Each structure stands twice: as C-alpha cells, then as structure tokens.
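Enquirer: sharing a sequence plus its predicted fold:
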Amino acid sequence: MSRGGLTGALLSSVFILLFVLPSLVQFVQCQDEFDNPAVLSLLTQVVYSRLSNLTTGISAEISNPSSFCILDPEDDWNRAFNFSSNLDFLSSCIQKTKGDITQRVCTAAEVKFYFGSFFERSQSTNYLKPNKNCNLTSWVSGCEPGWACSIGPNQEVDLKNSQDMPARTRDCQACCEGFFCPHGITCMIPCPLGSYCPLSTLNKATGTCEPYLYQLPPGQPNHTCGGANIWADVRSSRELFCSAGSYCPTTTQKIPCGSGHYCRTGSTSEKRCFKLASCNPNTANQNIHAYGIMLIAALITLLLIIYNCSDQVLTTRERRLAKSRETAARSARETAKARERWKYAKDVAKKHAVGLQTHLSRTFSRKKTVMHSEKLKILGQSKPETDDDLYQSETDDDLYPPMHSSTSSAAQKPSTESKGKEKEPSGLMKMMYALEDDHDSYEDFSLESEDKNTKHDMPKGKEIHTHSQIFKYAYGQLEKEKVLQQQNKDLTFSGVISMATNTEFRRRRLIEVAFKDLTLTLKGKKKQLLRCVTGKIMPGRITAVMGPSGAGKTTFLSALVGKAIGCTTTGVILINGKNESIHSYKKIIGFVPQDDIVHGNLTVEENLWFSAKCRLPAKLPKPDKVLVVERVIDSLGLQAVRDSLVGTVEKRGISGGQRKRVNVGLEMVMEPSLLILDEPTSGLDSSSSLLLLRALRREALEGVNICMVVHQPSYTLFKMFDDLVLLAKGGLTVYHGSVKKVEEYFAGLGINIPERVNPPDHFIDILEGIVKPSASSGVSYKELPVRWMLHNGYPVPPDMKKNAAGLAMPPVGVNPTNALSHADAGMEEHSFAGELWQDVKCNVELQRDKIRHNFLKSKDLSNRRTPGVFQQYRYFLGRVGKQRLREARIQAIDYLILLLAGACLGSLAKVSDETFGALGYTYTVISVSLLCKIAALRSFSLDKLHYWRESASGMSSLAYFLSKDTIDHFNTVIKPVVYLSMFYFFNNPRSSFTDNYIVLVCLVYCVTGIAYALAIFLEPGPAQLCSALLPVVLTLIATQPKDNNVMKNLAKLCYTRWALEAFVISNAQRYYGVWLITRCGSLLQSGYNLHHWSLCIFILILIGIVSRLIAFFGMVTFQRK
C-alpha cells in the first residue's frame, strides 16, 4: 500500500464522525432558538449520543489500514475523540454558526485531501496544493488559515463522499473553538483531545495570530484572526498541543498544573506526583531521583547481604570442616600411638614368654622338642594375630568402621592352618613368577580385586553420615597405610608383593602400553618428530623419559595418550597387548601438562575435591572419596596450604612448587591406572621433587603405570625410577630399559661415567654433543640410536644405514642420503604458488584433524562410570559460584560503571516527544551491549586452558557450559536494575519501569550469548575489540533510513534493531489523543509496529539462544591451537 493511501485510510477513519454529523443535526437548522440552554443542551446530547453508537464501525475501519500504529482501535478512538465529559465546544459552535455547523464541517473528500497532501509532502505543511475552492482564480476568505465557509443554502452535502469536493465559498467566517481550519481548504475539522484550540488573537507588534503564528492576508483589512489552522505531528504543530505544565480537559480549556501534580505535553488531566517526588506548580515532569537513589541503595544492600552471607556460610562451613578434620586427625594419631604401644607391650611379653619357656625347657628336658614346636606355633602365629585382631576390632568400632580382614585363616583350626601354611608359599611364588613373566595374569588378578575393594571400603552394618565420622574413617585408614608403608619401606620386590596383595590398598585396573616403530611426522613440513621408538611402559613402575631439548619427549607422551594432532603417525600402539584406542581408557588415564593449569581463585582442597568428585566412580561412597583426597594432600605435603587460594599472576597465592604439586594432585585424586606427567619436577627444589617422587612411588605400588618427562634429575631422584627412556635429537631411542642397567649398557659401549658426575647429566651432555665419548670407545653420539637398534635387533631405517655400515651391515640399494637430497632439492624447486598451496592444504588438514579429534567417540573400556551430566552440572555450578563470590570486587566495578553510564545517559539524553525517546534508547542499547559483552568475555576467555584440560579428561562440556551460563544469569537479572536505577529515574520516560526492565533483561541475555561466541572463537584482544565495535556498527545499520530492501533486510539481522524497536514502541504506546498523528508518522518513518513488542522480545531471546548454541559448538569443536 502506498504511503498516501495508508495515511488517507487512517485519518479518514479517525474522523469518521464527520460523515454523520450533518444528518444528525439537520433537523434543527430551521430553528432560531439556539440561545435557549435547554434546547441547546438537548440538541448537543442527541447529536453526540448518536455519534457514540458508531464506535464499533469506526474501530473496525481504523484497525485495517493503520494497524502498525494503532494498538487498540477502540481505545485509541476514545482517547482522541471521546468528548462525552464536556460538549461545550460543540454547543458553542452550534450557536456561532446558527445551526450551520453541518455545512461547514469537512467531507470525506476534503479530509482525505488535507491529510493526503500533508503526508505526501516532506516540506512545509502550512499550505495545501490548489483545489476546487482555493486556487489561482478562486481564493475566498475561507482559504486563509483559521477560517471556514459554508455551502449554499439549497445545496445538499454528502459527507461520506470521498471522491468529490463540494463548492464551499459562502458565508466565510472564523473557525469555531475546538476545531481547526487548514490553510488552503474552506472547512472545519474537530481538534483531538489533548489539544488546545481557542480563537487566536492578533499580536499587533509581530502581525501574527497567536498562539498559532499565522499572519493575516495582506490587502484585506476586514479579515480577522480565526481559530486553529493545523493538526499534524508535534514538530509542525506544537502550538496546537496542550503545553507542558498545563492540562486541557477539553479542546477549548487549559488549566495550569497545581502543586503536587505534573502535566506533560498534550495532557488531558493532571497526574499526582509520587511520594518523595518534588513537583512544583506548572511542572511538566516529576523529580523522582529519590526513587533511583533508594533503588540503588536497596540493590547495594541486597548484594552485600547476598555476598556477605554466602561468604560467611562458606567460611563457617569450611571452619567446621577444618575443626572436624583436625579432631579426626588427632584422634587417629592417638589411636596409632596407642596401637604402637600395645604392639611394643606384646613384643616385650613375647620376650618374657620366650625366656620362661627356655627356663622350663631346661627343667623339663624330655618335653623340649614338643614345647618348642608348640611355642613357635602359639607365639609366632595364633596368639599375636588373635590379640591384634581383638584390639583392632575394639578400636575400629569406636573410631571408624571395621574393614574386611584378609587374614581369615587365623580363625581356622591348627591342622587346616598348617596345611594352608604349607601351600601358601608355593601359591605366592607362582603369583610372583606370573607377575614377572606374564602380564595378563597380573591384570586379571587386579581386575578381580578391584571389584572386591569397592565393597570392602564401606561397611554394610554401619553407615557413615556426619563429617566427623567420615574424617575419622579417612584418617584412620591413612594411619593404617602409614604403618604398612613403614613395614615395607625398603620397597623390595617381596615388599611390593606384600603391599599389592594386602586388601588395605585399593588396587586398580592395570594398563600396559606397548609401542613398536612409533614414528610421528609433522604434516606439511615433513619433519619427523619421533622415529622408530619401540618399547613398553609397565604398570607398577615409574618410567622416566629423558633427552636433550628437541628430542621429542613431550611429543612422545602426547602420542601415547592420543593427543598428537597435526602429525602423521605410523607404527603400532598396543593397550594390554590389544590394538585398542587409548581414548577408550580416557576415564582412568591422568595427564599432567607441563604448565600448571590450576584454578587460581580456588583453594588447594577445592581444586582437588572438584577433580575427585567429577572423575571418581559415581557409586564410590563419600568417605572413600574423602580418603582419596586426604591421602593425596598428605602424600604431596599440602596440609599446610590446603585452605589457601592457589593464586594467579595478579594475586599471589601458594608457592610455585606447591602449585606444581597441586597440578599433579588433580590427576592423582581420580585414581588413574595410567599417569602421564610432562616435566612435573621442573621448577622444584630437590626436597619438593623428592616429596613428589615418593607420592608417585606410592601410586606405583597400587599398580599405576607412571611415565614422566624429567630434565636432569638428581642422583637420588634418578635411582627412584624403575625404567628409563633416553631419546636423542630427532626422536630416536638411545636406551629403553631398567635404570639399574643403563650404566652397564653404556659402559659396554665404552662410555663410562666419571667420578662425582650425575649419570643423567652425563648422558644428556653426550647427546647434546657437549661432552664427547673417549677416543678409545670409538663411539660418536650420532651412532648411539643405531647401536641401540642393533643391540635389540630392531630394523634400521634406510637413511641411517650409513651410520650402521661399519657396525653391523653394509648399505643396501641406492644411497639413501642422495635420495633424500634429491627429494629435498625437488621440494625447493616448487614455485611460490605451489608452496602457498601446500601451506593452505596443510592448515585445512590440521583443522580437520582437530575437529575429528574433538568429536572422536570411542567405546569406553575403563569400566568406570563417572557422574552424569546433571551431577557434574551441580559440581560445576558450585565451583563457578565460589569463583564469582571471590570476584566480588570485579563485579562491583562492573556495576559501578553501569551505574555511571545510566546516570550520564539519563541526564544528557532526555526523552524527545518527537521520537519517543529513540535517542536515549539508542545510547542505552550501545552502552549496555558494550559493557555487558566485555564483562561476559571473562566467563570463557580466561578459562580456556582449564576447559581443555578438563574436557580431555572426560568431564562434561555441556555441564561446564551450562554452569557458566547459569551463574551469569545473576548478572542478566541484576545489571538491568543497576542501569535503570539511574537512567529511568533521571530520564523519566512515559513507558513503565517494568517494560524497560523486560527489554533490558532480554538485551543483556542476547549480548551475553554473543560475547560467549566471541570469547570462544577469538583471542582475548580481538574479542574485546569486537565487543566494543559490534554494538556501534549494528546500531548504525539499524538506524539508517530504510530506503531500499537491502538495508531493510540487513537491519533485521541486527539485534540492536529489535532492542531499539522494543524500547521505542513500549514508550510510544503511552502517547495518545493529540499524539496520534505524531505516533503514526514516527513509527512509519522508523518502520516499527506497535504489535511487534512480543516479537522483539522473542527475537532477542532467540538470538541469545542461537549464539549460545554456536558458542557451545565452537567450544567443543575448535579447541587448542
């Protein structure tokens, strides 16, 4: 529909009363008694009562063409033309025209002509184009502004005729009060409610007719000032609007606003000011700054209560837990000391009993042999075990639940016990041989014991509920383990078997990793990072990976755990002798990265506890989880700093060595079967390194396969390793075997370690070429990888056979060196375009490998069921909540900035009645989007490394994302209140606080989702730049004139367009009556629709949801670069 047609349909419908007015009052034209009040009142009421019955038809006609700016046609009709409260202006006009009012009112054709010409022309609206009555040849007095004429006495007028304009040039006079007569036509149109249309008066000084500011026609001295001359938008006809500070109950009456009330422009009644608001007489708006101050004070108080109470609850809870923990630890230590004293007393009693038996044997020599054998049987087996069991059962009932005893043979008969004792050594020796020779038997044994231990940790008869009971159980178990470790501190093989077969230790599933001819080649550059690495790492042993810089140590570990991306991998990796994916055992594999990726705003215990809760079996009882965490804290020496924040770069926390141990502890608390550590001792002193190695040694006793990269350890640490993998530059193996045999192997090559030189330092110096082997050995460091291959019978690569020629075999075939050089020369001859294409191709393959790796799904063979998504969501929610509480200062700064922005914009960008506050709302959209986006970037941009580590270990990405988003909903709810507490009460728009709050909440939700996507896809610097520029650019696009379809469709893609439209139309709904044309014109120019408020809210929420889905997809797809 054309612009003019739309406007004509709207305004012809609005003034539908003009169509029926003449016929209703025609019967009084012949009467002369218009001065009779009774007759005049009766006629006026009859006329208006018949007009009121047409409301339904008028509303239906208005709703069709003007629906974009008419929300409720009936309501808007009543607000603009419901004169039932006062019909004096109609009575006055009947008297003035002597009943000729129906001959002077505009017909449908004239109304359409006036408003159509008004909207079609963008220039001045003070005159109309020539028409039938006002043109160059016919210009009567009624054509002047504020004047109207009548139709001939014998001429009938059809006011419903919208096609033909009647000839109206007779009896011209001033326009009636309450009506306006435009310049260029000779009829009257009623003024809408909210306007003030009195007769004008001539200002002789200026020659204008005030208050309408039109001039008298020149050369016509008898022509006087008439009535109102125009009703249009507020910019063109502000003099028609009831002025601010006054209200107009009718279109002919204006009353100043009283004290305690305020009257906006176009008001029909005065509004009472709120309490605590200051309203002087004749004021246009109320001062409600006090409410903004009260709201922000209440909000600050509420936030302080929430933060302080939450912090106090956490502090009190931690203090109670610490008290219970200290009490349990003290009780466990006292019990252990009492047990030691009891054992010492038994040993003393043994010695006295032996002396007594010796004395009796001398007296009764004939019973010597019999008594001696019985003494051994009683003192050596039955009595001490029975006494100890009795004591243990007594103490366990008091302190912690009893454990299932593995020494059930003590309750059997002596004859059965003696037979068992005869068979037990052979069974133990068989198991020892099986552990040495056959790995499968070891694995089967461990798998059977794992299921049993899951049950024996928690008693069936007595459940543990309170924190005190849990800590007593945990520390009691720790003291028992310390006693067992003391008994087996020599760590001989028999001691290892004793600890491995003792049910006091939780045994885990065993993982053996074997690799053959493992080679990794970097894609694109064809650079080999690892070459022909063959060997295996065994469960229950600690393997050290050493070598000079660039030897591929970290690459080797990454290849073992399936983290080598962007490389071509050849060779075979076997898990427990089977060709299975290492990702199938992800839940029981721990990987400690070289960097200390630990949450700095959590305490040591909170970091460890979170990892334990998310990665330990879901069915593992809480006491056992407490035991695992307490054991790790104790073994890593973190008791003194367990309640201290780890700290960040900006905020100092624990020391670097302690942070490194926490980094290792995050993987130890999940009780892995395979533990890979990348340089865990780097940056640690010798004592901290020794403490860490002791903790790892204890893990190895439970069957954990430990492999770690170390740089030049001390001799003490070096001797604590079981196996050694020594790599040369280029990723070639120099030695792989037992640490005890490494010196023997190199001595066989003629490389002897000088006195007072640390063996690993000497080996690495040789591999670096810093120290050369003795000339008598005849060995070069470049030959060491080949010698290892020949020593083990491994095949030698063709390009290395030159080095092996003098050692074992002659070169076969062509010269590999020449072949490689030709290949290299061929690569160098590629053109620039060819090299560029290869680089692009390599990058595409790298991204493809990353996506494939992130979406890799393998069958779970770990037999461990960790907590589900919902349970992990709860754990993540608690962790993120604690982090937010400890970032209260940053949150306060965000709120303060929003507060200042609201105060400044609310004071400077006052609501403009012409645009319904569009300027202030535009600034609001930009400022709130910018500030909330930058704040939301912190949710994901600062925790990328932590997420990569946690997701690689099997934690739920969905739970992580949802927990972050859930906690950010607090800011989504609070930040709009903070901003509006200043902006709304300083700006004081006509829309309600609730409407503005709803729109702002949806806007914050939308921009927060966009910020998530920016934080995940971009680095912190570019993400902040985009967060600052994006609102400005999108707002400029959304506010550009919609002259073509391209800009119109592009604006619909901008979230700022929908937010601004929601703000404007919520404010425009409050403008009615005389504002009707202003509202329709402004909305038509902006392209907004009053019915689209719910649509705008929906689209903002939809953009927020879609952007979150995109952010989540990017988070799980594009991870580490």
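Expert: The structure has been received and is ready for your questions. Numbers count the residues shown, from 1 in each chain.

Enquirer: any low-confidence regions in the stretch 501-650 of the chain?
Expert: Confidence mapping of the stretch 501-650 of the chain against pLDDT under 70 gives the ranges 501-507, 524.

Enquirer: where do the strands of it begin and end?
Expert: Counting by DSSP state E, counting those that start in this stretch, the stretch 501-650 of the chain has strands at residues 513-522, 527-537, 542-546, 567-575, 589-592.

Enquirer: where in the stretch 751-900 of the chain is pLDDT low?
Expert: Judged by pLDDT under 70, the stretch 751-900 of the chain has its weakly predicted residues at 775-777, 802-858.

Enquirer: mind naming the longest helix for this structure?
Expert: helix 289-363 (DSSP state H).

Enquirer: and that helix, what does it pack onto?
Expert: When contacts are defined as 3 or more CB pairs under 8 Å, 6 or more residues apart in numbering; DSSP states H and E, helix 289-363 packs onto helix 368-377, helix 383-399, helix 467-487, helix 869-886, helix 888-908, helix 957-987. C-betas here are computed from N, CA, C, even on glycine.

Enquirer: quick check: mean pLDDT of it?
Expert: The pLDDT scores in helix 289-363 average 77.

Enquirer: give me the angle between it and helix 467-487.
Expert: 40 degrees (axes from the mean of the first three to the mean of the last three CA atoms, to 10 degrees).

Enquirer: any idea how far helix 289-363 is from the chain center?
Expert: 37 Å (CA atoms, centre = their mean, to the nearest Å).

Enquirer: that one vs helix 869-886, what angle?
Expert: Here helix 289-363 points in a direction 110 degrees away from that of helix 869-886 (the same axes, to 10 degrees).

Enquirer: tell me which element residue 166 is part of?
Expert: Using DSSP states H and E, residue 166 falls within no helix or strand.

Enquirer: rewinding a little: out of the helices and strands packed on helix 289-363, which gets nearest to residue 716?
Expert: helix 467-487 (18.4 Å; CB to CB).

Enquirer: list the buried ones in that closest one?
Expert: Residues of helix 467-487 classed as buried by neighbour count (16 or more other CB atoms under 10 Å): 467-481, 484-485.

Enquirer: could you do stretch 273-283 as well?
Expert: Under 16+ other CB under 10 Å, the buried positions of stretch 273-283 are 273, 277, 279, 282-283.

Enquirer: so who does residue 287 touch?
Expert: Neighbouring residues of residue 287 by CB atoms under 8 Å, 6 or more residues apart in numbering: 277-279.

Enquirer: one more time with 7 Å, if that's ok
Expert: By CB atoms under 7 Å, 6 or more residues apart in numbering, residue 287 lies in contact with 277-278.

Enquirer: and it, its phi and psi?
Expert: phi -90, psi 100 (degrees, to the nearest 10).

Enquirer: run through the bridge partners of it.
Expert: residue 278 (DSSP bridges).

Enquirer: same check on residue 675?
Expert: residue 590, residue 706.

Enquirer: what's the pLDDT at it?
Expert: Listed pLDDT for residue 675 reads 93.

Enquirer: surely it and residue 704 touch.
Expert: Yes: counting by CB atoms under 7 Å, residue 704 is a contact partner of residue 675 at 5.5 Å.

Enquirer: weakest of the helices and strands packed on helix 289-363 in terms of mean pLDDT?
Expert: Across these, the lowest-scoring stretch is helix 383-399, with a mean of 37.

Enquirer: how near is residue 1025 to residue 937?
Expert: Distance from residue 1025 to residue 937, counting by CB to CB, to the nearest Å: 11 Å.

Enquirer: more neighbours, these two?
Expert: Shown here are residue 1025 and residue 937; by other CB atoms under 10 Å, residue 937 has more neighbours (22 against 12).

Enquirer: OK, contacts around the more buried one?
Expert: 1011, 1014-1015, 1023-1024, 1027.

Enquirer: determine which two of the buried residues of stretch 273-283 are furthest apart.
Expert: 277 and 282 (15.7 Å).

Enquirer: for residue 194, phi and psi?
Expert: Backbone geometry at residue 194, expressed as degrees, to the nearest 10, gives phi 90, psi 0.

Enquirer: in contact with it, which residues?
Expert: 241-242, 248, 266-268, 1073-1075.

Enquirer: for those residues, pick the one with the most neighbours.
Expert: Most surrounded of these: other CB under 10 Å gives residue 1074, at 28 neighbours.

Enquirer: give me the number of residues near residue 305?
Expert: 10.

Enquirer: equivalent analysis for residue 599, please.
Expert: 19.

Enquirer: so can I have JSON lines of the strands of the stretch 501-650 of the chain showing distance to residue 860 and mean neighbour count?
Expert: As requested, the strands of the stretch 501-650 of the chain are exported to JSON lines (distance: least, CB to CB, whole Å; neighbours: other CB atoms under 10 Å):
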{"stretch": "strand 513-522", "distance to residue 860": "18", "mean neighbour count": "18"}
{"stretch": "strand 527-537", "distance to residue 860": "22", "mean neighbour count": "20"}
{"stretch": "strand 542-546", "distance to residue 860": "26", "mean neighbour count": "24"}
{"stretch": "strand 567-575", "distance to residue 860": "13", "mean neighbour count": "15"}
{"stretch": "strand 589-592", "distance to residue 860": "12", "mean neighbour count": "24"}
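
Enquirer: can you redo these as a markdown table with distance to residue 1086?
Expert: Supplementary listing: those in a markdown table, determined by distance: least, CB to CB, whole Å:
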| stretch | distance to residue 1086 |
| --- | --- |
| strand 513-522 | 57 |
| strand 527-537 | 61 |
| strand 542-546 | 68 |
| strand 567-575 | 57 |
| strand 589-592 | 57 |
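
Enquirer: just the strands in the stretch 51-200 of the chain please.
Expert: 147-150, 170-174, 179-180, 189-190.

Enquirer: where along the stretch 801-950 of the chain do the helices fall?
Expert: For the stretch 801-950 of the chain, the helices defined by DSSP state H, counting those that start in this stretch cover 801-804, 816-828, 832-854, 869-886, 888-908, 918-941, 944-952.

Enquirer: residues touching the closest residue to residue 1048 other than its chain neighbours, list them.
Expert: Nearest non-adjacent residue to residue 1048, counting by CB to CB, 6 or more residues apart in numbering: residue 1042, 4.4 Å away. By CB under 7 Å, 6+ apart, the contact list for residue 1042 reads 1048, 1051, 1087.

Enquirer: and with 10 Å instead?
Expert: 1048-1052, 1085-1087 (CB atoms under 10 Å, 6 or more residues apart in numbering).

Enquirer: of the residues you listed, buried ones?
Expert: Judged by 16+ other CB under 10 Å, buried ones among the contacts of residue 1042: 1050-1051, 1086.

Enquirer: among those residues, which one sits closest to residue 37?
Expert: Nearest to residue 37 out of the buried ones among the contacts of residue 1042 is residue 1086 (CB to CB; 49.1 Å).

Enquirer: hmm, that closest one is touching residue 915, no?
Expert: Yes: at 8.2 Å, residue 1086 and residue 915 qualify as touching, with contact defined as CB atoms under 10 Å.

Enquirer: okay, and the common contacts of the two?
Expert: Listed as contacting both residue 1086 and residue 915 by CB under 10 Å, 6+ apart are 1064, 1068.

Enquirer: just after the strand or helix carrying residue 254, pick out the following helix or strand.
Expert: Using DSSP H and E, residue 254 falls within strand 253-256. Next helix or strand after strand 253-256 toward the C-terminus (DSSP H and E): strand 261-262.

Enquirer: helices or strands up against the following helix or strand past that next one?
Expert: Going down the chain from strand 261-262, the next helix or strand is strand 271-272, by DSSP H and E. Under the contact definition 3 or more CB pairs under 10 Å, 6 or more residues apart in numbering; DSSP states H and E, strand 271-272 sits against strand 261-262.

Enquirer: residues touching the strand it packs on, excluding its own?
Expert: Strand 261-262 has contacts (CB under 10 Å, 6+ apart) with 244-245, 247, 267, 269-274, 277, 279-287, 988.

Enquirer: list the buried residues in the host helix or strand of residue 1109.
Expert: Per DSSP H and E, residue 1109 falls inside helix 1093-1117. Neighbour counts over helix 1093-1117 (16+ other CB under 10 Å) mark 1093, 1096-1097, 1099-1100, 1103-1104, 1107-1108, 1110-1112, 1114-1116 as buried.

Enquirer: please consider this matter closed, and thank you.
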